[in-house]
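Engineer: Below is the sequence, then the predicted model.
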Amino acid sequence: MWQNQASLTAAESQLTKAKKQHDMLLESKQLELSRHLKEISQRNDEVLSFIITFYESSMSCAVLSH
């Protein structure tokens, strides 16, 4: 009976440790994903700004040429 309780306690301890490791890994991956998404968003903003500027300047040239 004592051995069963000791085995159960050891298994619970290992499970708790594994859960903590999993939670830390998950948090790390979430931070990494968040960082990548922020970088992509910033690049998209830069490209949109470039496109808008290009479009506006080409529209200005078209108006001036008519």
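Structural biologist: Great, that's in hand. Numbers count the residues shown, from 1 in each chain.

Engineer: host element of residue 9?
Structural biologist: Per DSSP states H and E: residue 9 is located in helix 2-65.

Engineer: Let me see the mean pLDDT of that helix.
Structural biologist: What helix 2-65 shows for mean pLDDT is 92.

Engineer: Run the chain-centre distance for it.
Structural biologist: Remark: helix 2-65 is offset 0 Å from the chain centroid, using C-alpha atoms, centre = their mean, to the nearest Å.

Engineer: What helices and strands are in contact with it?
Structural biologist: Counting contacts by 3 or more C-beta pairs under 8 Å, 6 or more residues apart in numbering; DSSP states H and E, helix 2-65 packs against no other helix or strand. To be clear about C-beta, it is placed using only N, CA and C from the backbone, and glycine gets the same treatment.

Engineer: distance of residue 49 from residue 41?
Structural biologist: Separation of residue 49 from residue 41 (C-beta to C-beta, to the nearest Å): 13 Å.

Engineer: Check residue 58 too.
Structural biologist: Taken as C-beta to C-beta, the span from residue 58 to residue 41 is 26 Å.

Engineer: What of residue 22?
Structural biologist: 28 Å.

Engineer: With residue 47 instead?
Structural biologist: Counting by C-beta to C-beta - residue 47 and residue 41 are separated by 11 Å.
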